[in-house]
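Colleague: Any chance you could fold what I've pasted below:
(one chain, ligands or ions: 1)
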Amino acid sequence: MTHRFKLDLPRRPRRLRRSSALRELSCETRLEVARLIQPLFVKAGEGKPEPIASMPGMFRLTIPQLVEECRTLCSLGVSAVALFPKIEAALKREDGREALNPSNLNLQAIQTLKQALPEMTVIADLALDPYTTHGHDGLLDRNSGEIANDATVEVLAEMAVLAAHAGADMVAPSDMMDGRVGAIRAALDASDFENTAIMAYSAKFASAYYGPFRDAVGSKNAVSEVPLNKGSYQLNPANRREALAEVELDESEGADVLMVKPAGPYLDVIREVREATDLPLAAYQVSGEYAQIMAAAENGWLDLKACRDESLLAIRRAGADVILSYFAKAYAEDFAANAP
Ligand code: PBG
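Modeller: Model prediction:
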């Protein structure tokens, strides 16, 4: 069959898609390994890395294993990690006081890691959920049932100073209390940690995608079966104007890096924040985003690497400068393997 039909088209966008070389030339967005931050889970004591059931491929590491993992990450070009401790149940209290124990697991991990590997950028999360029996990020007022804002901020500011003292390069308040960035900045400066940076979880939504993370750090409500509802401090997933207002507040209070979290379901927010500020912007591809790709891939329903890379590229295209992702190491490994 011969085709005679010919369109008279001044523009044929497919010209630039004809070969892989042309597609490379016209590629608008690339994701460099240096933009990735690997979140890692730390456990006390010894023994093998503990697999996290809802996050295939992720493990809770002892401190020596953490150091080794960070050496590998550094050699792959991933030079920043965000640490999350799994605190033993026996150390949890209603007020999360273990957070302020100067020799707690998290602070020991930061200190050991920075001593062994000073070139690794270490980001310390600031929130009470790994330390409280109820799993909330702040102090729970039993009478009102509310999470106390200002009292929590006081604790977070102390946690920030302890983390900086242990060697953290950045502190990352993930709690969503009002006014915490300013209070943390003031506390750090007052203790001569004016060079410790703040990565603010500015637009953190009350998301169901955090489920696997709560398994990983054991922050599911330890004292009741009622699922945690963090809606009195985390943002309503329906609200973008409120997210922008939070970002503006964190910037004015002295945040060095802003963050949107989760990432994939909130690409519109990432784009809007990118356009509203000149500060570096981070996005957190959270545990549930990781778990859904892993689960589908394990069933043979999705191509793991292709979906992983596409999900990360989309976050970058939306405007994130840096991405926290559980895929960071695997992405970097494949990047190194494919390098010319
Ligand atoms: C809590 C915290 C959470 C995450 C990071 N810090 C969970 C929560 O708010 O309950 C989630 C990260 C993830 O899901 O990967 N301060």
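Colleague: Can you list the helices and strands that the longest helix along the chain packs against?
Modeller: Assignment by DSSP state H gives helix 149-166 as the longest helix of the chain. Helices and strands touching helix 149-166, by 3 or more CB pairs under 8 Å, 6 or more residues apart in numbering; DSSP states H and E, are helix 105-116, strand 121-126, strand 139-141, strand 170-173, helix 180-190. The way it works is simple: take the backbone N, C-alpha and C, and place the C-beta from them, glycine included.
Colleague: can you give me the mean pLDDT across that helix?
Modeller: Average pLDDT, helix 149-166: 98.
Colleague: which of the residues in that helix are buried?
Modeller: Neighbour counts using 16 or more other CB atoms under 10 Å place 149, 152-166 of helix 149-166 among the buried residues.
Colleague: Any regions of the stretch 201-340 of the chain where pLDDT drops low?
Modeller: 221-227, 340 (pLDDT under 70).
Colleague: For it, which residues are neighbours of the ligand?
Modeller: When proximity is defined as CB under 6 Å from any ligand atom, the stretch 201-340 of the chain approaches the ligand at 210, 213-214, 230, 286-287.
Colleague: Would the longest helix of the chain count as contacting the ligand?
Modeller: No. Helix 149-166 stays clear of the ligand (CB under 6 Å from any ligand atom), getting no nearer than 10.6 Å.
Colleague: ok, which pair from the residues of the stretch 201-340 of the chain next to the ligand is furthest apart?
Modeller: K230 and S287 (14.6 Å; CB to CB).
Colleague: Compare the two (neighbour count), which wins?
Modeller: When K230 and S287 are compared for neighbours, S287 comes out ahead with 24 against 20, by other CB atoms under 10 Å.
Colleague: show me what contacts the more buried one?
Modeller: Residues near S287 by CB atoms under 8 Å, 6 or more residues apart in numbering: 54-55, 209-213, 216, 326.
Colleague: One more pass at 7 Å, please.
Modeller: Under the criterion of CB atoms under 7 Å, 6 or more residues apart in numbering, the neighbours of S287 are 55, 209-213, 216, 326.
Colleague: repeat for L140
Modeller: The contact partners of L140, taken as CB under 7 Å, 6+ apart, are 94, 134, 147.
Colleague: do the same with P102
Modeller: Residues counted as contacts of P102 (CB under 7 Å, 6+ apart) are L162.
Colleague: Confirm that it sits in a helix.
Modeller: No. In this structure, P102 is coil, not part of a helix, as judged by DSSP: H, G, I helix; E, B strand; the rest coil.
Colleague: Tell me the spacing between the closest residue to R316 other than its chain neighbours and S79.
Modeller: In this structure, R316 finds its nearest non-sequential neighbour in L31, 4.6 Å apart by CB to CB, 6 or more residues apart in numbering. To S79, L31 is 15 Å away according to CB to CB, to the nearest Å.
Colleague: ok, F205 - how many residues close by?
Modeller: F205 has 24 neighbouring residues, counting by other CB under 10 Å.
Colleague: What residues are recorded as beta-bridge partners of it?
Modeller: Beta bridges link F205 to L235 when assigned by DSSP bridges.
Colleague: Now do the contacts for it.
Modeller: Contacts of F205 by CB under 7 Å, 6+ apart are 234-235, 237, 261-262, 266.
Colleague: where does the stretch 1-150 of the chain have low pLDDT?
Modeller: In the stretch 1-150 of the chain (pLDDT under 70), the answer is 1.
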